[in-house]
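# Sequence below, structure please.
(one chain, ligands or ions: 1)
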Amino acid sequence: MPELPEVETVANGLQKRVAGDRIDSVWLGNKPEPLKSRPADIVRTLEGAKIESVRRVGKHIVFDLHRNGAAASGQWIVHLGMTGRMLVADPALEIPKHTHLVARLASGRELRFVDPRRFGRLEVRHGRFRGPGAEPLSINPEDFARLFHRSKAPIKAALLNQRLLAGVGNIYADESLFRAGVRPRRRTHLLTRDELKKLHAAVQQVLREAIAAGGSSVSDYVDADGEKGFSQFQHRAYGREGQPCLVCKTPIKKIVVAGRGTHYCPRCQR
Ligand SMILES: [Zn+2]
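Residues are numbered from 1 along each chain as shown. Modelled structure (predicted):
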């Protein structure tokens, strides 16, 4: 499942390729699951709109749209789900199976949303879209501590709670806890101020490194070009069960927290 760094990479790729272009017409597939807004509303909002910018909000890709002569601008919001991809394609290329939307652009290219498992979502909005939780890359240490101090859940579960932080998933939660030296099952409200400060720094560091590496290539995830564009982000805990910790050589342990496979070093994390 794409996490924040992957979504950021896709949004940045789309920003470079399609910002400034205009959507001339839209084709929608007949599967209802990917459409979170009414089909007619999607078509009406997208057709004729100029793409002003593409950015990431939480784990959503947000296209800011502008229509000539209209004061209110719309937004097109894409959630990639498990297997969703946004492809910028030459119209001559065959439309892949599981394509749920094709937006034909004034530049002659097509923007295609492809999603075999159909957990992805397409939506249009007319107000300003805001994600449910705080942005992990812009929240400051004090707000971070305030946000997490209220939770009695295990810290791993709190990190995955999208109403607290938007966009941190299983991989980067494990990596952040490893770097902060905090055990995943610790109760969040019992973490010290210093531990929360370390965790805040670790979350931001891990996400920034992963974005710089172009996201993780753990899944069959591809970027906006449809290429396997991601160099591997170096995991220190995630997926390393039984392998020696890169710091102390103790074997990395795997447990289940909040229903998710969780990896940690029993010596480095307390
Ligand atoms: Zn260790």
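# what about Glu175, how many neighbours?
Using other C-beta atoms under 10 Å, Glu175 has 26 other residues around it. (Glycine included, C-beta is placed from N, CA and C.)
# For it, which non-adjacent residue is spatially closest?
Counting by C-beta to C-beta, 6 or more residues apart in numbering, Glu175 lies nearest to Val206, which is 4.6 Å off, once chain neighbours are set aside.
# Look at the one you found and tell me its secondary structure.
Per DSSP: H, G, I helix; E, B strand; the rest coil, the secondary structure class of Val206 is helix.
# do the one 5 residues further on as well
State at Ile211, reduced to three classes by three-state DSSP: helix.
# Ala11 is in contact with that one, correct?
No: with contact taken as C-beta atoms under 8 Å, Ile211 and Ala11 are classed as non-touching, separated by 10.5 Å.
# if you count what's nearby, which of the two comes out ahead?
Summary of the neighbour comparison: Ile211 and Ala11, criterion other C-beta under 10 Å, with Ala11 having more neighbours (22 against 19).
# The more buried one: helix or strand, and which one exactly?
Counting by DSSP states H and E, the secondary-structure element that holds Ala11 is helix 4-18.
# same for that helix, what does it pack against?
When contacts are defined as 3 or more C-beta pairs under 8 Å, 6 or more residues apart in numbering; DSSP states H and E, helix 4-18 sits against strand 50-57, strand 60-66, strand 85-89, helix 193-212.
# Parallel or antiparallel, which strands does the third one pair with?
Pointing back at strand 85-89 there. Its sheet considered, strand 85-89 pairs with strand 110-114 (antiparallel) by DSSP bridges.
# which residues touch the partner strand?
Under the criterion C-beta atoms under 8 Å, 6 or more residues apart in numbering, residues 14, 18, 23, 34, 78, 84-91, 95-96, 98-105, 120, 122 lie in contact with strand 110-114.
# so the closest residue to Ser53 other than its chain neighbours bridges to which residues?
Take Ser53 and drop its neighbours on the chain: the residue closest to it by C-beta to C-beta, 6+ apart is Asp64, 4.8 Å away. For Asp64, the beta-bridge partners are Ser53, Gln75 (DSSP bridges).
# Double-check Asp64 against Gln75; I have them as touching.
Yes: Asp64 is in contact with Gln75 according to C-beta under 8 Å; the separation is 5.9 Å.
# Pretty sure Ala145 sits in a strand.
No: the assignment for Ala145 is helix, going by three-state DSSP, so no strand is present there.
# Name all residues that make contact with it.
By C-beta under 8 Å, 6+ apart, Ala145 lies in contact with 193, 196-197, 200.
# Arg185 versus that one, what's the distance?
Per C-beta to C-beta, to the nearest Å, Ala145 is found 20 Å from Arg185.
# before we move on, what about Gln162?
From Gln162 across to Arg185, the span is 20 Å (C-beta to C-beta).
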